[in-house]
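Novice: Make a model of this:
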Amino acid sequence: MHRQRKAKIVATVGPSSAAPDVLEKLFLAGVDVFRMNFSHGERADHVAVHRALRALERKHGRPIALLQDLQGPKIRLGRIPGGERRVAAGDIVSFAAGETASDRHIPLPHTEIFEAASAGHGLLIDDGRIRLRIEDVSGDRMTARALNGGVLRDRKGVNLPDSVLAISPITEKDRRDLELGLDLGVDWVAMSFVQSAADITAARDLIGGRAALMAKIEKPAALAQIAGIVAAADGIMVARGDLGVEIPCEEVPGWQKQIVQQCRAAMKPVIVATQMLESMVSSPTPTRAEASDVATAVYDGADAVMLSAESAVGGYPVESVEVMDRIIRRTEAHRLYRSFVNAIDIGIDAIPSEVVSKSAADVADQLDHAVIAAFTYSGATAARIARWRPAAPIIALTPRDEIARRLNVLWGTHSVFSRDVASYEEMIARASETAASEGIAPDGTQLIIVGGIPFGEAGTTNNLRIARISQPVICADAPAYGAFEI
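Specialist: The predicted structure is shown next:
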């Protein structure tokens, strides 16, 4: 089950893909991480998907990562008298706090809007289809001038790109959903509506180390504090659809490249998401522009690219994964690919773990037919090596099933559950046997082995060994994969 590519594929589960047989087809087609979108679906639906994916894990003997995506607060209009109201460009529109309002006012249930908004701020409704500029805010009343015409309808979404709202990114619904996800054993939790690093800290307290935390970048306030958010989170998702509503669309590509670069330097996996193969919701083939969009994310060095509606509600979920897999593999095989991913200047701290990891990547690039085997307890050793984007495959051997799963989102990394080793000889034998049995390293392969002494302790990466696989080596105590507790 070794993928013949470096970048990973995330696929959203929905009505088109939730059946166990379809989930298996998606996995075999190339999905590394399954996203459960808690903005949709019933709790029983998510439980069934989790059960089916863990059964697939046992059947195929490979870790599968599950990403729980929390809905977060949804800022919407209230109930409009008559259900809708037409506005024309230049009209002054009055808003009032509350769920319902009079014929004169459009209702806005969130009082935080009136506290954060100021004259001159933008107000976007229905994914930016109607754009207004705020003229005045007074108490629980606000007026705004329509910049274009359209129809305001009940419960349509509201965005305020210039305002920082004093709203917790975790709602009561999110708390209930998070409790369910953690009880099931999700591997990653994606957090919506992130505005600052403090939001990450609050969520981390709730998670309590039971899953890794991914921050979704979808608001201008997050861009203003992106360095702190990257430092605080375990991973980042560039949610380009929502982000593109709140900032000019021409700014999204530059931010995508900057965030990918910052995440790579910080050893944090980054997913590029939203509308990547959007036309495949209703078409068996993507547009040329969409294929180029996926390839651009791969050239940028993103750890993973994501399918949303394509796999969740589209008519061609499996074909979408197959197309994305082909685009990634062809892009990574292009003669310019290495020059692009190596063009980013990444600093290195003068500490043993950093130097050893960088050296492993460098040595692998200098040798023919090389494979890197990283013994890792927390996943950090694999992340340090992966950020240098070596051409050689990276095998991450970990005694922790949750880390084996979490590493599925990490660029170029093939994670394997493996018991701790206690000696040099066992380390070499275990790495050699794993590389051979996983179909990654045939006879004659140069094996760069990275680990730490004392064995079995986190944060002790300080050793690099080079060995050659001449024949499969079997460790008597090597566990069969599937020692996960389900």
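
Novice: Give the closest residue to I259 in space, chain neighbours not counted.
Specialist: V238 (5.4 Å; C-beta to C-beta, 6 or more residues apart in numbering). Any C-beta I mention is one placed from the backbone N, CA and C, and that applies to glycine too.

Novice: Make sure I have this right: that neighbour is in a strand.
Specialist: Yes. With DSSP: H, G, I helix; E, B strand; the rest coil as the criterion, V238 is part of a strand.

Novice: Tell me how many other residues surround it.
Specialist: Residues near V238, counting by other C-beta atoms under 10 Å, number 25.

Novice: Name the residues of stretch 103-122 that come out as buried.
Specialist: Neighbour-count burial for stretch 103-122 flags 105-110, 112-114, 116-117, 121-122 (criterion: 16 or more other C-beta atoms under 10 Å).

Novice: repeat for stretch 201-221
Specialist: In stretch 201-221, counting by 16+ other C-beta under 10 Å, buried: 203-204, 206-207, 211-221.

Novice: what's the closest non-adjacent residue to L108?
Specialist: F95 (5.0 Å).

Novice: Check which helices and strands the helix or strand encompassing L206 sits against.
Specialist: Under the criterion of DSSP states H and E, L206 resides in helix 197-207. Helix 197-207 sits against helix 172-184, strand 188-191, strand 212-217, helix 226-232, with contacts defined as 3 or more C-beta pairs under 8 Å, 6 or more residues apart in numbering; DSSP states H and E.

Novice: could you dump those to TSV with distance to E57 and mean pLDDT?
Specialist: Output for the helices and strands packed on helix 197-207, formatted as TSV (distance: least, C-beta to C-beta, whole Å; pLDDT from 0 to 100):
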stretch	distance to E57	mean pLDDT
helix 172-184	13	97
strand 188-191	15	98
strand 212-217	17	98
helix 226-232	30	97
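
Novice: Could you export the ones you listed to TSV, including columns for distance to L165?
Specialist: Output for the helices and strands packed on helix 197-207, formatted as TSV (distance: least, C-beta to C-beta, whole Å):
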stretch	distance to L165
helix 172-184	16
strand 188-191	15
strand 212-217	16
helix 226-232	16
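
Novice: Deepest in the core, which of those is it.
Specialist: strand 188-191 (a mean of 26; mean count of other C-beta atoms under 10 Å).

Novice: In the protein, where is pLDDT below threshold?
Specialist: 101, 456, 459, 470-486 (pLDDT under 70).

Novice: which residue ends up closest to the midpoint of it in space?
Specialist: By C-alpha atoms, centre = their mean, the mean C-alpha position of the chain lies nearest to I271, the distance being 3.9 Å.

Novice: So that residue sits against D300, correct?
Specialist: No. Between I271 and D300 there is no contact under C-beta atoms under 8 Å: 11.9 Å.

Novice: How far does stretch 28-40 stretch from one end to the other?
Specialist: Distance between the two ends of stretch 28-40: 25 Å, counting by C-alpha to C-alpha, to the nearest Å.

Novice: again with stretch 104-113
Specialist: Using C-alpha to C-alpha, the two ends of stretch 104-113 sit 19 Å apart.

Novice: now stretch 435-444
Specialist: 12 Å.

Novice: Run through the helices of the stretch 1-150 of the chain in chain order.
Specialist: 20-29, 43-60, 111-116 (DSSP state H, counting those that start in this stretch).

Novice: if we can go back for a sec, the buried residues of stretch 201-221: which two are farthest apart?
Specialist: Largest separation among the buried residues of stretch 201-221 by C-beta to C-beta: A211 and P220, giving 27.3 Å.

Novice: pretty sure A370 contacts I449?
Specialist: No. Counting by C-beta under 8 Å, no contact exists between A370 and I449, whose distance comes to 11.1 Å.

Novice: More neighbours: the two, which one.
Specialist: Just comparing A370 and I449: by other C-beta under 10 Å the higher neighbour count belongs to I449, 24 against 20.

Novice: where's the more buried one relative to M280, distance?
Specialist: From I449 over to M280 the distance is 41 Å, taken as C-beta to C-beta, to the nearest Å.

Novice: Same check on K25?
Specialist: 15 Å.

Novice: neighbour count winner among the two?
Specialist: M280 (25 against 16).

Novice: Which segments of this protein make up each domain?
Specialist: Domain assignment for the chain by automatic domain parsing gives 8-71+168-339, 84-159, 352-468.

Novice: how about those in JSON lines, adding distance to I346?
Specialist: Output for those, formatted as JSON lines (distance: least, C-beta to C-beta, whole Å):
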{"stretch": "domain 8-71+168-339", "distance to I346": "5"}
{"stretch": "domain 84-159", "distance to I346": "34"}
{"stretch": "domain 352-468", "distance to I346": "7"}
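
Novice: Out of the ones you listed, which is closest to M1?
Specialist: domain 8-71+168-339 (4.6 Å).

Novice: Now find how far off-centre that closest one is within its chain.
Specialist: 4 Å (C-alpha atoms, centre = their mean, to the nearest Å).

Novice: Over to it now: how far is its first residue from its last?
Specialist: 20 Å.

Novice: what about G254, neighbour count?
Specialist: If we define neighbours as other C-beta under 10 Å, then G254 has 9 of them.

Novice: which element follows the host helix or strand of it toward the C-terminus?
Specialist: G254 belongs to helix 252-265 when assigned by DSSP H and E. Following helix 252-265 in sequence order, the next helix or strand is strand 270-273 (DSSP H and E).
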